[in-house]
Structures are given as structure tokens and as C-alpha cells.
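Asks: sequence plus predicted model, see below.
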Amino acid sequence: MHYQISIADTVNHFIQLNYTISQIHQDSIEVQLPSWRPGRYELQNFAKNVRCFIVFDEKGNEVTYRKITKDRWHIDTKGISAVRISYQYCANQPDAGACFVDENYLYINPVHCFMYTEGRADESYTLDFLLPDDYQIATQMRQSGKHQLQAASFDYLADSPLFASNTLQHHTFNVEQTQMHIWFQGQHPFDTARLIENTTSYTLKQIDVFGDLPCTEYHFLYLMHKTPARHGVEHLDSTVIAMGQTLDQTTEEYYHDLLAISSHELFHLWNIKRIRPTDLLPYDFTKENYSTLGYVYEGVTTYYGDLILLQSGVWNWEQYAASFTGDLKRHTSNPGRFNYSVAESSWDTWLDGYVPGVFGRKVSIYIEGMIAAVIADICIIKNSNGKYSLCNVMQDLYQQYAKHNLGYNETIYRELLEKYAGESFENYYRNFIWGKGELLKGLEEALDHVGCLLREDSNGNIYLTKLDETNALQKLLFAKWTNIVD
């Protein structure tokens with residue numbers, strides 16, 4: 001499988017792609033463009049951005065084809081051993097999960113605009129880019145030439161974003177045996193030495209959770225905008241994080257917001273990129289891949305993304321409490337918490353995506369999933385007197401399932417929670433995962449065990465605070481939860 005990629009039109013934001021399929025031995029083939037991307041569990045119908053679709057044989061003659069679904073093409077190949085599919089893709093969405101091209105840089109999420117041939121998705125891909133000579137490419141893919149990349153399969157290609165420009169800023173450092181890369185496209189205000197130090201700290205803490213770091217290289221691809229943006233997307237051995245202009249990017253709040261989203265996306269390196277529900281293993285890019293487990297793959301990740309910043313010493317308690325309070329505000333301001341469970345809302349990301357939708361209809365797998373994770377974690381810590389935590393559950397999912405290419409389901413996750421808590425999670429699932437309107441009550445009860453509580457300010461906003469006076473057990477459990485010892 002071979003692709004040639006070039007910049008067609010920087011004004012109207014089009015990329016030119018030429019997809020060559022060789023060694024054809026049948027009378028027809030079918031090629032598929034994905035209809036969704038990992039990390040965003042909704043149909044996005046990328047084919048709506050395709051124009052100028054033409055198929056040629058090895059002699060340059062046009063080949064007959066027809067479209068058989070919104071993003072699948074049937075090509076007549078009787079007597080033909082190779083075809084070249086030529087098309088253009090509109091790349092005008094510069095968030096962390098899409099594609100963009102202008103006169104300054106090229107940014108591609110391949111799952112948007114690259115195709116696979118039915119029955120041959122496991123074959124390797126070679127990508128040749130026709131770019132200005134001074135352009136550099138940032139990606140997790142193997143570079144076999146200055147502007148040539150290799151991907152072992154379509155799944156790997158689809159999950160390998162890239163930046164290409166002559167203004168990339170590149171920094172490398174090692175965490176244990178893994179080489180970490182930080183790439184910036186666009187100007188940024190950050191002290192890179194400090195960023196590397198903080199990234200190393202929270203990465204080491206995440207390794208403590210799972211036992212090892214599952215890649216030899218990892219890439220943080222930071223896309224810095226002049227306009228407001230905040231978005232991150234996880235990939236197999238990399239992440240794209242788009243951050244935009246605020247009134248003052250030099251503030252500590254802006255810097256720590258970058259750390260928060262970076263820690264979240266790194267945690268996905270294990271949780272969803274390796275630890276995956278059976279519903280999502282393998283991915284089927286042609287249709288919905290329904291799962292009720294968003295409270296694990298996004299909720300637990302949201303929880304640990306912030307908590308690990310605290311546990312690693314990158315954040316102090318006040319910073320963690322402030323972020324937690326922000327999540328509480330999103331929870332309490334959404335009446336959907338009384339109408340739909342977090343499990344049902346996970347299933348329905350395929351229905352109405354990640355927008356609020358109908359007022360009060362649903363909840364967020366990120367926010368409500370995070371609160372459910374807090375409750376589960378503190379329950380395990382309390383019942384085991386600090387010997388175990390939710391970390392043990394996640395490590396088991398990684399070591400016993402992900403490393404053996406096995407998925408998990410609700411029963412497996414629940415049994416692991418019960419294993420380390422030493423009690424039934426029937427009420428937990430009934431009230432907090434499949435129930436409605438009970439999460440805040442469960443959170444208050446959990447926080448009491450670690451010497452914390454929720455208070456309400458004069459504006460009616462609920463916030464997290466630590467009690468001034470706590471007993472010895474509360475102090476112990478607080479230390480086990482936060483890694484803070486008074």
C-alpha cells in the first residue's frame with residue numbers, strides 16, 4: 001500500500017492524496033474511508049470532505065467505480081493488477097482531532113483522510129510527502145526517509161497524527177527506557193526545562209500505576225493557536241494537544257492547564273490505547289462501536305489525569321481542589337444527572353456526540369465518570385486500610401488483559417473493584433453507574449473517609465475542601481489517596 005501526499009491548495013485548505021493499491025488478483029476491490037476516529041466515539045463522516053475522486057489503472061486509464069455507502073467505493077479491477085486512487089481532502093479543522101493545511105504547516109490525522117482496502121488492512125503502508133525541502137515531520141510513525149514514513153498496518157496509520165513544517169520546535173528527554181519527544185507547532189510561552197521536569201514527574205507516577213511504559217518512544221504534539229482552543233486526543237504512542245490564545249498565556253493557570261490535559265492524554269497511553277473494552281477490540285471504522293464503559297476509559301482517565309499531578313508533587317492540594325471544584329460545577333449545573341446514567345450516556349455518544357444536546361437529557365462520561373472513579377477509589381482505599389486502590393484495578397487490566405490482547409467488559413471491571421475492596425459493588429453499579437442523581441451523595445460519603453467534604457459558597461457553588469480537624473484514620477487514608485502527609 002502506497003500513498004503520495006502533497007499540498008494542493010493552502011487558501012481553500014486542500015490536501016492531494018494518491019493511494020496506490022498493487023498486487024490485485026480479483027475482479028473488484030472495495031476501499032473504505034473511516035466514518036469515525038478513536039478517541040471520539042461518534043460518527044463524523046469524513047467522506048464529506050473528499051472531492052475530485054478518480055481511479056486510474058497502471059497505464060493511466062480511468063477505471064470504473066461506484067460508491068456503495070457514504071464512505072465506501074467499489075472499483076472494477078478485472079484484468080487490472082494495480083490502481084491509483086486520486087482525491088483531495090479539505091483540511092480546515094485545526095483542533096486536536098482533525099486535519100489542517102495552510103501556507104505555514106500541514107497537520108494530518110490519517111484516520112480522517114486515508115483509506116484501506118477491504119481484506120488488506122493488515123498490510124504495511126509507505127507514505128511519500130511532496131513538501132518543501134526545509135519541512136520537518138513530527139510523528140510516531142517510523143521515518144524511512146526525510147519525507148517518507150512507514151506504518152505497519154492501517155490501524156497503526158490511522159492512529160498516527162503528524163505535523164509538517166519548517167517551524168517545528170523539538171525537545172527530547174528520557175524517562176526510564178523511553179525517549180520522550182515534545183514538539184511545538186506555533187509559538188508558545190513555556191519554560192521547556194520546567195515542562196520537561198514536570199512531564200517527567202507525572203510520567204514516572206503513571207508508570208508506578210501500571211508497572212511499565214509500553215513504548216520505546218512517545219510524542220507530545222502541541223499545536224499552539226493564536227485563537228482560543230483547548231483540546232487533546234490520545235494515540236497509540238503520541239498525543240495531539242491544541243492550546244489557544246488567552247488574555248495572558250504566561251500565567252501559571254495557563255501552564256497548569258496544559259499540564260492537566262497532557263497528563264490526561266498520557267494516561268490514555270494505557271487506558272484505551274492498550275486497555276480496551278471488548279466492544280472496541282478491534283475497531284470497526286465503518287459503523288458505531290457501542291460501549292457503556294465510557295466511565296472507565298474516559299472517567300477514570302479524567303480522575304487520574306489530575307490526581308497524578310497531585311500525587312507526583314507537580315500540583316499542590318489547592319491546585320487539585322480548584323480543578324476538582326471546576327468539575328463539580330459542571331456536574332451540578334447539568335440537570336441531565338437526574339435523567340440519564342453515565343453508562344447510558346456512554347452508549348449514546350454515538351447518538352448525539354459530545355455536545356450538550358437536548359437540555360437535561362444526558363451526562364458526561366468525563367465528569368460523571370470521574371466522580372464515580374473517586375467513589376470507587378476511596379472505597380477500595382478505606383476497605384483495605386490503604387493497602388489497595390483503584391490503581392491495582394487498572395494495573396490488573398493492563399497486565400492481565402491488555403498485555404495479552406484481551407478486552408474487558410463490565411463484569412470484569414466490577415469483579416476487580418470487588419476483589420480489591422473486599423465487598424460487593426452491587427449498590428455502586430445500581431446507584432452510580434446505572435442510576436441517576438446519586439453521585440453527589442456518594443461522593444460526599446466517600447470524601448468523609450479521607451477527611452474532606454463538599455461545601456457551598458455564597459453563590460451556591462459546591463467546592464472541595466479539607467477538614468481542619470481529622471482523626472488518625474482519616475489522616476492515614478488522606479495520605480494514601482493523595483500522597484500528601486501532613
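Replies: On my side now, so go ahead.
Asks: use CA for all of it now, contacts and neighbours both
Replies: Will do.
Asks: name the nearest residue to G422, sequence neighbours excluded.
Replies: In space, and not counting its chain neighbours, G422 is closest to N383: 6.9 Å by C-alpha to C-alpha, 6 or more residues apart in numbering.
Asks: now do the one you found against L473, distance only.
Replies: Separation of N383 from L473 (C-alpha to C-alpha, to the nearest Å) stands at 12 Å.
Asks: just give me the neighbour total for the residue nearest to S22 when sequence neighbours are not counted.
Replies: Among residues not flanking S22 along the chain, A82 sits closest, at 4.2 Å (C-alpha to C-alpha, 6+ apart). As a burial measure, A82 scores 16 neighbours (other C-alpha atoms under 10 Å).
Asks: wouldn't A82 be in contact with T20 here?
Replies: Yes - A82 is within contact range of T20, at 7.1 Å (criterion: C-alpha atoms under 8 Å).
Asks: what's near enough to touch the spatially most central residue of the chain?
Replies: Against the mean C-alpha coordinate of the chain, by C-alpha atoms, centre = their mean, the closest residue is E234 at 3.0 Å. E234 is in contact with 39, 240, 265-266, 268-269, 273, counting by C-alpha atoms under 8 Å, 6 or more residues apart in numbering.
Asks: any idea of the pLDDT on the residue nearest to S22?
Replies: Note on A82: pLDDT of 98.
Asks: can you tell me how far it is from S153?
Replies: Per C-alpha to C-alpha, A82 is found 19 Å from S153.
Asks: buried sites along the strand or helix carrying H171?
Replies: Element membership of H171, judged by DSSP states H and E, is strand 169-175. Buried residues in strand 169-175, counting neighbours by 16 or more other C-alpha atoms under 10 Å, are found at 169, 175.
Asks: which stretches of the stretch 151-300 of the chain aren't confidently modelled?
Replies: Counting by pLDDT under 70, the stretch 151-300 of the chain contains low-confidence residues at 246-247.
Asks: quick one: the helices in it?
Replies: Remark: helices assigned in the stretch 151-300 of the chain by DSSP state H, counting those that start in this stretch are 154-158, 192-210, 252-267, 294.
Asks: any idea which of those helices is most buried?
Replies: Mean neighbour count (mean count of other C-alpha atoms under 10 Å) peaks for helix 294 among these, with a mean of 26.
Asks: quick one: contacts of that one?
Replies: 342-343, 346-347, 365-366, 369.
Asks: parallel or antiparallel, list what pairs with the strand holding H171.
Replies: With DSSP bridges as the test, strand 169-175 is paired with strand 178-185 (antiparallel).
Asks: got the contact list for the partner strand?
Replies: Residues from elsewhere that reach strand 178-185, judged by C-alpha under 8 Å, 6+ apart: 138, 163, 165, 167-174, 213, 215-224.
Asks: one more time with 6 Å
Replies: Strand 178-185 is contacted from outside by 168-174, 216-223, using C-alpha atoms under 6 Å, 6 or more residues apart in numbering.
Asks: how far is the strand holding H171 from where the chain is centred?
Replies: Relative to the chain's own centre, strand 169-175 is displaced by 21 Å; criterion: C-alpha atoms, centre = their mean, to the nearest Å.
Asks: and stretch 271-291, by the same measure?
Replies: Centroid displacement of stretch 271-291 relative to its chain, using C-alpha atoms, centre = their mean, is 13 Å.
Asks: put the alpha carbons of it into CSV.
Replies: Taking Å, rounded to 0.1, in the frame of the first residue of the first chain, the C-alpha atoms of stretch 271-291 are listed here in CSV:
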residue,chain,number,x,y,z
ASN,A,271,-6.3,3.3,29.4
ILE,A,272,-8.0,2.9,26.0
LYS,A,273,-4.9,2.6,23.7
ARG,A,274,-4.0,-0.7,25.4
ILE,A,275,-6.7,-1.4,28.0
ARG,A,276,-9.8,-1.6,25.8
PRO,A,277,-13.3,-2.8,26.2
THR,A,278,-14.2,-5.9,24.1
ASP,A,279,-16.7,-3.7,22.4
LEU,A,280,-13.8,-1.7,20.9
LEU,A,281,-11.4,-4.5,20.2
PRO,A,282,-10.8,-4.4,17.3
TYR,A,283,-12.1,-1.1,15.9
ASP,A,284,-14.7,-1.2,13.2
PHE,A,285,-14.3,2.1,11.3
THR,A,286,-17.5,1.5,9.2
LYS,A,287,-20.1,1.9,11.9
GLU,A,288,-20.8,2.6,15.6
ASN,A,289,-18.8,0.7,18.2
TYR,A,290,-21.2,0.9,21.1
SER,A,291,-19.9,0.6,24.7
